[in-house]
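K.L.:
Kindly generate the corresponding structure for this input.
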Amino acid sequence: MHRFESLPPSLGAAATVRRALCGGPGRTIVFHSAHGTLERDAQATELVGAAGVPVFGPSVRAARLGRDKVLLRRAMSAGGIRTTPEAVSGGDTHVVKLRCGTQGQGTRLVHGLPELSADEYAERFVAGDEYSVNVFASAAGSTVTLPPVWKGVTQLDLLPPYRRRRVCAPGRIPVGLDATLRAMAVRAALALGGTGFSETEFVVPPEGPPMVLEVNPRISGTLRISAMAAQAPLLDLFTGAAVSADFAAVRAAVEEPYDGAPIHDPGRGVFATSRITVDGDTEHEASARLDSLLGRSSHSRVA
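P.N.:
Numbering: from 1, shown residues only. Down below sits the predicted model:
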């Protein structure tokens, strides 16, 4: 039986450990961290592990890098992982981001070399398709990947991917690109350390190799759609269930932003929180089901 408990972000590491260890023997503790709780949960993960209890959570290194995009980019470059180019030319279009921001906070577009505050950094705008790959890392160091999620094309209006239509489906991307994204995501996850889930975000230009945008050492917003497409029993991974290969997309799943009542309907393949996710035998079927649930025609979909 799985028991979940939501801990307030204000709870310190020591109090988090005390709460986690009161569950009795024979348990495995999993920290499903948010962006703002990475550092606390990393400390708690170390303390719980030192007590001899099986635990999954971010490493201190992962928390530090996951909270600072500049340090993350340096770590990726040191590991030979290609990232989007830094702002080095005054004639380019640049994206300015908060070093410790998330979900597009403080993001702006600048033409020419930008002036930055101490808590900002800039990278060159890269036109292309955006993807995410979720990786599960076990305590033994093995990894399992879920199928890549297509998140649309980069946009000059900087509309963040979580506000766009996202798709994960068989045959959605070429086999070679699928393998490349998975391999890069595994390298990124191992470079950060920690156990449990992480997400690597990519941009793939029309010509040239994929580039890493960010790495999130935590549960991500794309995990649900990739798990639905793969029909993957995610909770079993924490119990040590044997998984012999990476998960492939066996069904199609589509999702969009959603502001209606929550939905939890596994029988129909529909889940909705701040996004609504629907699956189907094909992408066309899943899209049609989503349109029907949202009460609209297929001609009025989110881009």
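K.L.:
Okay, helices next: where are they in the stretch 151-300 of the chain?
P.N.:
175-192, 223-230, 234-238, 283-293 (DSSP state H, counting those that start in this stretch).
K.L.:
wait, which of those is closest to Q103?
P.N.:
helix 223-230 (15.1 Å; CB to CB). Bear in mind the C-beta positions are built from the backbone N, C-alpha and C, glycine included.
K.L.:
Buried by neighbour count: which residues of that closest one qualify?
P.N.:
Judged by neighbour count (16 or more other CB atoms under 10 Å), helix 223-230 contains these buried residues: L223, R224, I225, S226, A227, M228, A229, A230.
K.L.:
again with stretch 291-298
P.N.:
Neighbour-count burial for stretch 291-298 [16+ other CB under 10 Å]: D291, L293, L294.
K.L.:
rewinding a little: deepest in the core, which of the helices of the stretch 151-300 of the chain is it.
P.N.:
helix 223-230 (a mean of 24; mean count of other CB atoms under 10 Å).
K.L.:
and the direction of that helix versus that of helix 283-293, what angle?
P.N.:
Angle of helix 223-230 versus helix 283-293, following axes from the mean of the first three to the mean of the last three CA atoms, to 10 degrees, is 130 degrees.
K.L.:
Quick one: mean pLDDT for helix 223-230?
P.N.:
Helix 223-230 shows a mean pLDDT of 97.
K.L.:
likewise stretch 10-22?
P.N.:
Per-residue pLDDT over stretch 10-22 has a mean of 85.
K.L.:
quick check, distance from that stretch to the centre of its chain.
P.N.:
25 Å (CA atoms, centre = their mean, to the nearest Å).
K.L.:
which residues are in contact with it?
P.N.:
In this structure, residues lying in contact with stretch 10-22 by CB atoms under 8 Å, 6 or more residues apart in numbering are E5, L7, I29, R40, D41, Q43, A44, L47, V48, A51, V53, V55.
K.L.:
buried set for that stretch?
P.N.:
Quick answer for stretch 10-22 (16+ other CB under 10 Å): A13, T16, V17, A20.
K.L.:
can you put the residues you listed in a markdown table and add distance to V144?
P.N.:
Output for the buried residues of stretch 10-22, formatted as a markdown table (distance: CB to CB, whole Å):
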| residue | distance to V144 |
| --- | --- |
| A13 | 28 |
| T16 | 27 |
| V17 | 27 |
| A20 | 24 |
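K.L.:
so how far is A248 from the residue lying closest to G280 once chain neighbours are set aside?
P.N.:
Sequence neighbours aside, A286 is the residue nearest to G280 in space, at 3.4 Å (criterion: CB to CB, 6 or more residues apart in numbering). As judged by CB to CB, to the nearest Å, A286 and A248 stand 16 Å apart.
K.L.:
buried ones in stretch 164-174?
P.N.:
R164, R165, R166, V167, C168, A169, R172, I173.
K.L.:
So which of the residues you listed sit within strands?
P.N.:
In strands, defined here by DSSP state E, the members of those are R166, V167, C168.
K.L.:
ok, the last one to Y121 distance?
P.N.:
C168 sits at a distance of 30 Å from Y121 (criterion: CB to CB).
K.L.:
count of neighbours near R275?
P.N.:
Around R275 there are 19 other residues, counting by other CB atoms under 10 Å.
K.L.:
any idea how far it lies from L192?
P.N.:
Distance from R275 to L192, by CB to CB: 25 Å.
K.L.:
And G141, by the same measure?
P.N.:
Taking CB to CB, one finds G141 at 13 Å from L192.
K.L.:
Also A248?
P.N.:
25 Å.
K.L.:
Ok, V175 next?
P.N.:
Relative to L192, and taking CB to CB, V175 is found at 27 Å.
K.L.:
ok, now T37?
P.N.:
16 Å.
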